[in-house]
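Trainee: fold the following and give me the result.
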Amino acid sequence: MRQNQKILIGAITGAHGIKGAVRVRSFATEPDDIFTYSPLSDEKGERVFALHCMGLVKDDFIATIKGIDDRTAAENLRGTKLFVSRDKLPKAKDGEYYEADLQGLEAKTEDGETIGTIEALHDYGAGSFLEIKPQKGPSFMLPFTDAHVPTVDIEKGFATVLIPEGWLNVEKPEKKGKKP
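Mentor: Reported below is the predicted structural model:
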């Protein structure tokens, strides 16, 4: 496990009011947990943000940040991604994983043959999918279910993936237009 790794936990989505408050979107399982991990940093770790929760508006928290006291400064933070050091987060339960822990794992067959690398985890509302970049060819998506990914071993750095027959077959679309 990469304990010194930074985990994306939220983002500043905009300014709120004229006194420097910001809107913060939390990506934590329990959204208000974002404040228990404060101070947070930007992606490069160059800026540190000590957040204080002021309230909730729709899907965003309203927060103040130490040192930000006017709307212009708050607006300049729009789009800033907020990160927490991996070692500050609780250990994942059995069968649960932090997205960042999955990224970079080798995707292997049941026989141990390396297929490629897990690039990302996507969830568009109908379940999670792993994006796998094979050693050759374009990346592909595979459902992140026990049926398709029966084993994940973070410590050893791999996941066993079962790709259904025909899953990677690419049908070429028919060309439209005039026939010669």
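
Trainee: strands of this structure, residue ranges please.
Mentor: With strands called from DSSP state E, the chain shows them at 6-16, 21-26, 40-41, 48-49, 51-57, 60-65, 81-85, 106-108, 114-123, 128-134, 140-143, 151-153, 158-160.

Trainee: for residue 97, which of those strands is the nearest?
Mentor: Of all these, strand 151-153 sits nearest to residue 97, with 6.3 Å by Cβ to Cβ. Glycine gets a C-beta too; all of them are placed from N, C-alpha and C.

Trainee: didn't residue 82 look like it was pressed against residue 13?
Mentor: No - at 10.7 Å, residue 82 does not count as touching residue 13 under the criterion of Cβ atoms under 8 Å.

Trainee: what about stretch 148-167, average pLDDT?
Mentor: Across stretch 148-167, pLDDT averages out at 92.

Trainee: would you mark the buried spots in it?
Mentor: 148, 149, 152, 158, 159, 160, 161 (16 or more other Cβ atoms under 10 Å).

Trainee: which of the residues you listed sit farthest apart?
Mentor: Pairwise over the buried residues of stretch 148-167, using Cβ to Cβ, the maximum falls at 148 and 158, 14.7 Å.

Trainee: just give me the neighbour total for residue 12.
Mentor: 26 (other Cβ atoms under 10 Å).

Trainee: returning to that earlier point: now do the shared contacts for residue 82 and residue 13.
Mentor: residue 24 (Cβ atoms under 8 Å, 6 or more residues apart in numbering).

Trainee: so between these two, which is more surrounded?
Mentor: residue 82 (27 against 17).

Trainee: what about stretch 73-80, start to end distance?
Mentor: Stretch 73-80 has an end-to-end distance of 12 Å (criterion: Cα to Cα, to the nearest Å).

Trainee: what mean pLDDT does that stretch have?
Mentor: 97.

Trainee: and the contacts of that stretch?
Mentor: Contacts for stretch 73-80 (Cβ under 8 Å, 6+ apart): 11-16, 20-22, 42, 47, 49, 65, 68.

Trainee: okay if I get the residues you listed as a markdown table plus pLDDT?
Mentor: A markdown table is the format used below for these (pLDDT from 0 to 100):
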| residue | pLDDT |
| --- | --- |
| 11 | 97 |
| 12 | 97 |
| 13 | 96 |
| 14 | 96 |
| 15 | 96 |
| 16 | 96 |
| 20 | 95 |
| 21 | 97 |
| 22 | 97 |
| 42 | 93 |
| 47 | 94 |
| 49 | 95 |
| 65 | 95 |
| 68 | 95 |
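
Trainee: many thanks, have a good one.
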